[in-house]
Each structure stands twice: as structure tokens, then as C-alpha cells.
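Visitor: next input, structure requested:
(chains A, B, C and D)
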2 protein chains.
Amino acid sequence: MSEPSLPEQIANELRRDILRGTLVPGAPLKERDRALEMGVSRTPMREAIRILSQEGLVVLRPARSPLVADPPLSDIMDHVIVLRALEELSGELACTNATEEDLDKLRAINAKFESEFYTADRLVSFETDMSFHMAIARASHNHALADTHRSFLARLWRARFLTSTRRRNRQTVLEQHAALLDALCRRDRAALKTAFDAHLGHLADDIRKVFEKEQT
Amino acid sequence: MSEPSLPEQIANELRRDILRGTLVPGAPLKERDRALEMGVSRTPMREAIRILSQEGLVVLRPARSPLVADPPLSDIMDHVIVLRALEELSGELACTNATEEDLDKLRAINAKFESEFYTADRLVSFETDMSFHMAIARASHNHALADTHRSFLARLWRARFLTSTRRRNRQTVLEQHAALLDALCRRDRAALKTAFDAHLGHLADDIRKVFEKEQT
DNA sequence: CAATGGTTTTTGGTATACCAAATCTCGAAA
DNA sequence: TTTCGAGATTTGGTATACCAAAAACCATTG
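Guide: You can find the predicted model right below:
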């Protein structure tokens, strides 16, 4: 296993800052200053910013500083719609293509998620949440699908992170994950689709609520 | 409307070369040499190569020359599967969201496609084909979906280009486009889905054939 | 005091220089 | 003759220098 390249490391660093709120939406990302304070040159910093722009976390403007993305609610909802389609396709394919190993991995991740539930740190439990969904996508054994799915998860990272604040939500998520896992193990397409719809419908509602609250 | 940036221009240039076959799959893309012979510096050439790698036309290797992509058939089929899901979702959303202007644009593109049918140049008629599909995706009024869809079309560009060789195929494509347009104008979800299935099923078969022929 | 125009500063885009890792070459040794 | 390794070379990764466009600032003027 090779360690991530320098631009990727920088991108990870910036991503964390964005998700944690150190870098607020709409803030400019001056590549020169940022490179200086991180002790790297502009070139890899530049590439890191491109990576984040591809993930939708920053927006590029011609001849201007890149900005930390601050997408309108409609944009996020568009992403949720596509994510739902991708996850349902993943599930459908996984029902026929998933191996026992795939399922074991999923069970392991789910167990990890449940055990982490009380240990608090949101970012950690959140990353486990992500990896659960990514593991389902990978179980489809469709590489293109898994990649695209991962990209959409990344784009929704911030919005989902904000909704994961409330403990009540996390409890619901726990149950929904169990439903997903169960349906997949039984290779029950219909049940899996239903579970995804519930999970993502819930997500859409939560995001809407967070936005309304932010409005004040 | 602003002109494309230098990296984009370079990427377009390289893309054409790859599609036309000037750059064969598996060939290395030495950024230094390529930049020199195009009269630009390595920096924008580097970015152009990143763009193409994101489109799947070239593959990056750590500490090695990037290569013109030569994906196995299974990879391409994976992409076709996802593309189908994306187009069906586009159609479904377009049935409710498309405006009359959207439909007019589609009719115009389709007319252009039909008229170009006999004027030969494959690359031109091929680009019109692409723009027809992209217009449907745009009619969904889901920006994220349209973007992702475009990216998948780009990744399948080469494979689809190869299958567009035979005139017979192009005739069929003509009819299938008409069916798509008709279903969308009637806002008939089911018919649209059927038409997409036919269109993309056909594409999958064609690609398979081209690959089998290439094997020799 | 407000508006305007020109100058300075900031900032991203591009070119170039330097470095380190991977590869290739070719000769020496078994 | 074959194999192996040291040095030369190729090549991508990174740092730095230069440039042009945009913005901010300020002085001048009505």
C-alpha cells in the first residue's frame, strides 16, 4: 500500500478543515497564502484545490481565488436524487454480484458503526457511515458505479455531516443501516430499494431542516 | 461567453487525437515532449492530462508516464450500465421538468442529426449525437445529473465512436432517437424508458462486436 | 463630499529550474 | 555468454520566478 501523494495529503487536510467548519463556505482559498502556511509550494496546492473542486467542495472562478463551496439547497437536492439512483443501482447489482466476503465486510463495518455510536466523535463515526455505503457500492462489482457513487458521497459530505449533529438522527441511521444489510444478505432487491428510499428520503428531509434553521 | 482556458484547449486537442486514433491506446503521454511540440509549458499540459484522466481517456501511474487508456471490455460494459441508469433517470425527470424550449432544442438537434446523416464526416455527426443525449439530460433540470451524464458519455466516447463506423448502425440510431424524442414530447415515462433500453442495449451489443473483431 | 481615473497591490496563470525516483545502458565479472 | 550492478538518462514531482488581469486604494477634480 503506497502512501497518498502530496497533493492528496493537502486535499485531505483542506477537506477536514472545510468539513469541520474551520473554513467556512464562501471563504476564499488563496493558493499562495495557503501553500505558504502549509509549508508546500503552490504547484501541489494548486492540484489539491483542483481535487476538491472536482469533489464539489470548492468552486473555481477564472482569474479569481477559489471559494469554499456554498451550494444552494436545490443543488444539494439534485445530488441526493442522483445518489439515490446510484445507490439503488448498486443494491440491485449487489444482490446478484456480491460475494460472501463482501457481505462479511459489510457486517464488520456495520458492527464497527454500532460500537462507535456511543464513543462520540462525529467525524469518526461519520467516516464509518460513509465506508458502509461505499462497501455496498463496491459489492456491485461495477467499478465505474462505485467510483461515481463515491464522488457523490463526497459532494454530499458536508451536508450530511451537518445533519449528523443530532443524536436522534444517528439512532435512525443505525436502524436503517441494519435494514439495508438485512435486505442485501437476503438478496431481496425490492426490500433493498425500499430501505434505500427510506434512508435517503430521511436524509433529504434532514438537510432541508438544517437549511431552514441556517436561514435564521 | 469566455473562450476555453489553455489547459482545456490542450485537453481538447489531445482528446481529438485520441478519438481519431492518432494516439493509440496504451501509448505513453510524455508531458515534457508533448508540451514542447505543442509549444506550451509543462504546467498547463499537466493540467490537461489531469482533465483527460478524469474523463477516463488516460490513466495516471505514480512516477510513470501517463498512458492513453485501453480499458477492458468489462470496464466499458460497467460504464454502459451506469449510463443507462443515468439516462433513464434523466428521462424520468425530463418528463416532468422539461420546458417547451427544451423540447424545441431537442427537435432542432434531431433535425440537424438527420440532415447530417448523409454528409458523412463521422466525427461531426457523432458530436451531434452526443449533444442530443446531453440535451435530454439537461432537460431534467438536474445539474448534477447532467454533469455526471456528460462525464459518462465522454468516457464512452471512444467506444461509441468505434461502433459508429457502420452505416447500418447509424440508421438504427436515427430511428431510436426519433423514438426517444417522441416519447419525451408525449411525456410518456414508460415509453421513454423502453426506448432508452433499446438504444443502450443496442450500443452494448455493438461494442461487444467491435471488441470481438479487434481480438483478431 | 462624491465621482473618477490612474497607480499600486493582489492573485491566479504560465514558464522554467531543480530534484528524486525509476529505467536504461553497457561493461565487467563469473 | 550471461548476469549483475554502477552510472548515465529519462521523466514525473516540486519549487520558484515572471507575467498579466483584476481589484483595491488613493489622490485629484468637479
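Visitor: centroid-nearest residue for chain A?
Guide: residue A:153 (3.2 Å; Cα atoms, centre = their mean).
Visitor: element containing that residue?
Guide: helix A:143-155 (DSSP states H and E).
Visitor: I'd like the mean pLDDT over the helix ranked longest in chain A, please.
Guide: If you go by DSSP state H, chain A has its longest helix at helix A:189-215. Averaged over helix A:189-215, pLDDT sits at 90.
Visitor: how near is residue A:210 to DNA strand D?
Guide: In this view, residue A:210 and DNA strand D are 30 Å apart by Cβ to the nearest atom of the strand, to the nearest Å. All C-beta atoms are positioned from the backbone trio N, CA, C, and that covers glycine.
Visitor: surely that residue meets residue A:161?
Guide: No - contact criterion Cβ atoms under 8 Å: residue A:210 and residue A:161 do not qualify, at 10.0 Å.
Visitor: hmm, who's touching the helix or strand where residue A:126 lies?
Guide: Assigned by DSSP H and E, residue A:126 falls within helix A:122-139. If you take Cβ atoms under 8 Å, 6 or more residues apart in numbering or on different chains as the criterion, helix A:122-139 is touched by A:16, A:19-20, A:86-87, A:90-91, A:94, A:97-99, A:102-103, A:105-106, A:109-110, A:112-113, A:116-117, A:119, A:145-146, A:149-150, A:153, A:157, A:160-161, A:164-165, A:170, A:173, A:177, A:180, A:184.
Visitor: centre of the chain to that helix, how far?
Guide: 8 Å (Cα atoms, centre = their mean, to the nearest Å).
Visitor: now do stretch A:7-23
Guide: 14 Å.
Visitor: what's the least confident helix or strand in chain A by mean pLDDT packed up against?
Guide: Within chain A, no helix or strand scores below helix A:157-163, which has a mean of 81 by mean pLDDT, DSSP states H and E. Helix A:157-163 sits against helix A:6-20, helix A:122-139, helix A:189-215, with contacts defined as 3 or more Cβ pairs under 8 Å, 6 or more residues apart in numbering or on different chains; DSSP states H and E.
Visitor: export whichever helix or strand residue A:37 is part of as CSV, just CAs?
Guide: Here residue A:37 sits within helix A:31-38, counting by DSSP H and E. The C-alpha coordinates for helix A:31-38 follow below in CSV (Å, rounded to 0.1, in the frame of the first residue of the first chain):
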residue,chain,number,x,y,z
GLU,A,31,-3.4,29.3,-3.1
ARG,A,32,-0.3,31.3,-2.4
ASP,A,33,-1.0,32.0,1.3
ARG,A,34,-2.4,28.6,1.9
ALA,A,35,0.7,27.0,0.4
LEU,A,36,3.0,29.1,2.5
GLU,A,37,1.3,28.4,5.7
MET,A,38,1.3,24.6,5.0
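Visitor: now do that helix against helix A:6-20, angle only.
Guide: On the basis of axes from the mean of the first three to the mean of the last three Cα atoms, to 10 degrees, helix A:31-38 is oriented at 90 degrees to helix A:6-20.
Visitor: who are the packing partners of helix A:31-38?
Guide: So helix A:31-38, by 3+ Cβ pairs under 8 Å, 6+ apart, packs with helix A:6-20, helix A:42-54.
Visitor: bridged to the residue nearest to residue A:65 when sequence neighbours are not counted, which residues?
Guide: Closest residue to residue A:65 apart from its sequence neighbours, by Cβ to Cβ, 6 or more residues apart in numbering or on different chains: residue A:28 at 3.8 Å. When bridges are called by DSSP bridges, residue A:28 pairs up with residue A:67.
Visitor: can I assume residue A:28 is in contact with residue A:69?
Guide: No - counting by Cβ under 8 Å, residue A:28 stays clear of residue A:69, with 12.0 Å between them.
Visitor: between these two, who's got more neighbours?
Guide: Neighbours were counted for residue A:28 and for residue A:69 using other Cβ atoms under 10 Å in any protein chain shown; residue A:69 has more, 18 against 15.
Visitor: which residues are in contact with the more buried one?
Guide: So residue A:69 contacts A:25, A:56-59 (Cβ under 8 Å, 6+ apart).
Visitor: now do 10 Å
Guide: Contact analysis of residue A:69 by Cβ atoms under 10 Å, 6 or more residues apart in numbering or on different chains lists A:18, A:25-26, A:52-53, A:55-59, A:75, A:155, A:158.
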